[in-house]
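Undergrad: Structure here, sequence nowhere to be found:
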């Protein structure tokens with residue numbers, strides 16, 4: 001291994017013998033930012049190109065998947081807060097519609113929606129009670 005040379009003045013057994021300076025005419029510059037692509041972005045891998053082709057299944061899945069604007073509603077606490085907020089808004093809407101006698105159909109629809117939401121919340125409370133009994137049990 002002692003006979004390996006890396007260039008003029010560089011050897012493994014001795015280290016650096018001399019300092020070399022670059023000539024002023026041989027200046028090398030880096031490519032401009034828009035000319036050089038990063039290595040991982042330069043070319044799409046072949047396997048991904050073959051397997052990543054859009055299919056009917058992926059198109060159907062994309063069309064049928066829900067588009068959520070408020071992803072925080074997926075957590076149980078935020079969902080419960082959302083249900084309570086909707087209940088409050090329905091009660092306010094019903095109280096406003098009671099003042100207008102011409103809006104009987106709208107009042108009936110709001111009251112029905114409020115009643116259904118109350119039933120949903122009471123069923124959720126019942127499920128939570130059963131779940132806590134099972135955990136204690």
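TA: Nice, I can see it. This structure is a prediction, so every number in the text was calculated from the model and none was measured.
Undergrad: Helix or strand, whichever it is, which one in the protein has the lowest mean pLDDT?
TA: Every helix and strand of the chain was ranked by mean pLDDT, DSSP states H and E. The lowest is helix 39-42, at a mean of 54.
Undergrad: name the helices or strands packed onto the helix or strand just after that one?
TA: The C-terminal neighbour of helix 39-42 among helices and strands, as given by DSSP states H and E, is helix 46-51. Under the contact definition 3 or more Cβ pairs under 8 Å, 6 or more residues apart in numbering; DSSP states H and E, helix 46-51 sits against no other helix or strand. All C-beta atoms are positioned from the backbone trio N, CA, C, and that covers glycine.
Undergrad: Helix or strand next in line after helix 46-51, which one?
TA: By DSSP H and E, the next helix or strand past helix 46-51 is helix 56-64.
Undergrad: quick one: buried residues of that following helix?
TA: Residues of helix 56-64 include none that count as buried (16 or more other Cβ atoms under 10 Å).
Undergrad: Could you say which helix or strand holds residue 130?
TA: Applying DSSP H and E, one finds residue 130 within helix 104-136.
Undergrad: Next, the buried residues of that helix.
TA: 107, 110, 111, 114, 117.
Undergrad: Which strands or helices does that helix pack on?
TA: Against helix 104-136 (3+ Cβ pairs under 8 Å, 6+ apart) you get helix 76-98.
Undergrad: got the buried residues for the helix it packs on?
TA: 83, 87, 90, 93, 94, 97.
Undergrad: Pretty sure the fourth one sits against residue 113.
TA: Read it as residue 93. No. In this structure residue 93 lies outside contact range of residue 113 using Cβ atoms under 8 Å: 9.0 Å.
Undergrad: give me every residue that touches residue 80.
TA: By Cβ atoms under 8 Å, 6 or more residues apart in numbering, the contact list for residue 80 reads residue 124.
Undergrad: low-scoring pLDDT stretches of this structure, where are they?
TA: The model of the chain has pLDDT under 70 over residues 1-12, 14-18, 20-28, 30-45.
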